[in-house]
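Chemist: all I have is the shape, not the residue letters:
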């Protein structure tokens, strides 16, 4: 099975389309969100091939929907599983726990929340607000959810019109590709995250301690179910969310609309490209534009 999957990915053509259409197939009952790609229902969805520009890897994206929910199956090659994030590592010389260099694997959906199409890159010349579904192999996967957030890219430090109380007054300075002054602000949706932090232990128990433990997220931050499995050099991740959440910090989906979005294997922090950090964490670039198309 692993050999067949490797062959499939290795010989896929690199896609160079300006915009890819992602068809969403209507089903009566959706799949169980557990990272198991073998459910027969996924055979009804034709996967779209997407190129991740950061590492030139191909992502397979399949989509289904019911009257109430939308479902995605993400598949991509990854030689090593990275299930820990900044764990506490015991240091014998210092006699205390220190933050480890481990960085978790991630996957991101980024949805355009504007009334017009925009370039969803962090280095875009456009101002925009985007809904972020942020799956994290350590901080969210253990609870079975993605972390639901927003990104705001603005030429004004205080963000674009429609600023919420959760936004900081200053974003991170991030010039656009054309040199335009921009500010990137990342904020969490209302509610609590799907993890809780473990404070630094004072006494040694084990060599490595997971720094984040799973809990039930709440509010709008608990909208997106997501569960991934790493098997023989591949990640298989299932996502699901209500089409209509009723929350102002979410994109509202409908079979009557075709929203623009993008995906990335690595988190979208706008960092410069470099290869020294563990598993390129934080150096993601958004994929080519994707257009959701609901099939009747």
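Modeler: Sure, I can see it. All values reported here derive from a predicted model rather than from experimental measurement. Numbering: from 1, shown residues only.
Chemist: distance of residue 224 from residue 129?
Modeler: 17 Å (C-beta to C-beta, to the nearest Å). Yep, even glycine has a C-beta here, placed from its N, CA and C like the rest.
Chemist: so those two - more neighbours on which side?
Modeler: Using other C-beta atoms under 10 Å as the criterion, residue 224 and residue 129 rank with residue 224 on top: 28 against 23.
Chemist: hang on, isn't the more buried one packed against residue 144?
Modeler: No: if you go by C-beta atoms under 8 Å, residue 224 and residue 144 don't touch, sitting 10.2 Å apart.
Chemist: which other residues reach stretch 198-209?
Modeler: Residues outside stretch 198-209 that contact it (C-beta atoms under 8 Å, 6 or more residues apart in numbering) are 84, 87-90, 96-97, 100, 210-213.
Chemist: now do the end-to-end distance for it.
Modeler: End-to-end distance for stretch 198-209: 9 Å, by C-alpha to C-alpha, to the nearest Å.
Chemist: chain center to that stretch, what's the gap?
Modeler: Centroid displacement of stretch 198-209 relative to its chain, using C-alpha atoms, centre = their mean, to the nearest Å, is 29 Å.
Chemist: likewise stretch 31-44?
Modeler: The answer for stretch 31-44 is 19 Å, by C-alpha atoms, centre = their mean.
Chemist: how near is residue 56 to residue 109?
Modeler: For residue 56, the distance to residue 109 - C-beta to C-beta - is 20 Å.
Chemist: how about residue 151?
Modeler: Separation of residue 151 from residue 109 (C-beta to C-beta): 12 Å.
Chemist: go on, residue 129?
Modeler: Applying C-beta to C-beta, one obtains 15 Å for the distance of residue 129 from residue 109.
Chemist: swap in residue 26?
Modeler: In terms of C-beta to C-beta, residue 26 sits 20 Å off from residue 109.
Chemist: more crowded one of the two?
Modeler: Neighbours per residue, other C-beta under 10 Å: of residue 26 and residue 109, the larger number sits with residue 109, 24 against 13.
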